[in-house]
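# dropping a prediction and its sequence here:
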Amino acid sequence: MDLTRAEITRIHERIAPHIRRTPVIETEGMVLKLECLQHAGSFKPRGAFANLLTRAVPAAGLVAASGGNHGAAVAYAAQALGHKAQIYVPEISSPAKIALIQRLGGDVIVGGAEYAEALAASLAYRDQTGAMTVHAYDAAETLAGQATLGRELEDQTPLDTVLVAVGGGGLIGGLAAWYQGRVKVVAVEPEETCCFDAARKAGTPVDVSVGGIAADSLGARQLGAMAHSIAQTFVAENVLVTEAAIREAQLWSWQALNLAVEPGGAVALAALRAGAYQPAPGERVGVIMCGSNVDLARLAA
């Protein structure tokens, strides 16, 4: 599958009956794309449905590794289309996300301390059973699905720049493939887990340590190869944000917008609010609010 704009449009038409067209709001000089209101609480169902609707699902069903959001999306899509799904999560996954996967019909297995170990366990299950792997970020179908967010956003409002939180790179790879340099795409990562920044400095994806409050959604040890390839041409720059900035963005979202977003969902917003990214005068900046699967007790604390 080539990630052309024509192919992304085809995928968008295919998955459109199964996803929400999430709203855009403008506030305090920012354009916020509220993908946190997507089914299963994040942008991930776009990639999940793109996989399930363009590939033949075997009788053994689906298997995926996830920090939580991708697993919930695969479980949601599987339930909607009548498949079974086994989801491997790392020990750092929040109880709230594990409970969500289970509510959506997924069979949850804790497989290792970090995402990379959960992925290895999921691949072993695939080899044993013949189940179809739905990769969280490094597969053409997944990137094409995530790219539909860019197509939808472009249809909703003009932008000069879009800020995107990065984990393994599925979302930023998809958005960059859609915009192809016509809009400035900026990668935003927590200082504690920053595989995009490491890959850009090394010239190739490399392993990084994983930690911090956003690790359950942005906790990939290494940037996906497909995202890295696209980013070399179509991602303009990258910035890092602190743990304190992420928490402040979460709190602002709740107090100003009545939106409960998870740490990973607040990362791109944190870049603007903390000044890690400083727009030029008149620059129209979009922010992807990408996830809402927060433990409400932690948010209250």
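Perfect, I can see it now. Numbering: from 1, shown residues only.
# quick one: residues in contact with the lengthiest strand in the chain.
Longest strand of the chain, by residue count under DSSP state E: strand 184-190. For strand 184-190, contacts defined as CB atoms under 8 Å, 6 or more residues apart in numbering pick out 160-166, 172, 175-176, 179, 195-197, 212-214, 218, 231, 234-243, 246, 263, 267-268, 270-271, 276-277. Glycine gets a C-beta too; all of them are placed from N, C-alpha and C.
# which of the residues you listed fall in strands?
Going by DSSP E, the strands hold Thr161, Val162, Leu163, Val164, Ala165, Glu237, Asn238, Val239, Leu240, Val241 from those.
# now, among those, which is nearest to Glu283?
Taking CB to CB as the measure, Thr161 is the one of these closest to Glu283, at 6.0 Å.
# for that closest one, which non-adjacent residue is closest in space?
Nearest residue to Thr161, sequence neighbours excluded (CB to CB, 6 or more residues apart in numbering): Lys184, at 4.2 Å.
# how much space separates the one you found from Ala245?
21 Å (CB to CB, to the nearest Å).
# comparing these two, which residue is more hemmed in?
Shown here are Lys184 and Ala245; by other CB atoms under 10 Å, Ala245 has more neighbours (22 against 18).
# got a list of what that one touches?
Counting by CB under 8 Å, 6+ apart, Ala245 has contacts Ala270, Ala271, Arg273, Ala274, Ala276.
# try it again with 10 Å
Neighbour list for Ala245: Pro190, Glu191, Ala266, Val267, Leu269, Ala270, Ala271, Leu272, Arg273, Ala274, Gly275, Ala276 [criterion: CB atoms under 10 Å, 6 or more residues apart in numbering].
# can I get these in TSV with pLDDT and neighbour count?
Shown next, in TSV, are the contacts of Ala245 (pLDDT from 0 to 100; neighbours: other CB atoms under 10 Å):
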residue	pLDDT	neighbour count
Pro190	97	26
Glu191	96	15
Ala266	97	32
Val267	98	35
Leu269	98	29
Ala270	98	31
Ala271	98	28
Leu272	98	24
Arg273	98	19
Ala274	98	16
Gly275	98	11
Ala276	98	20
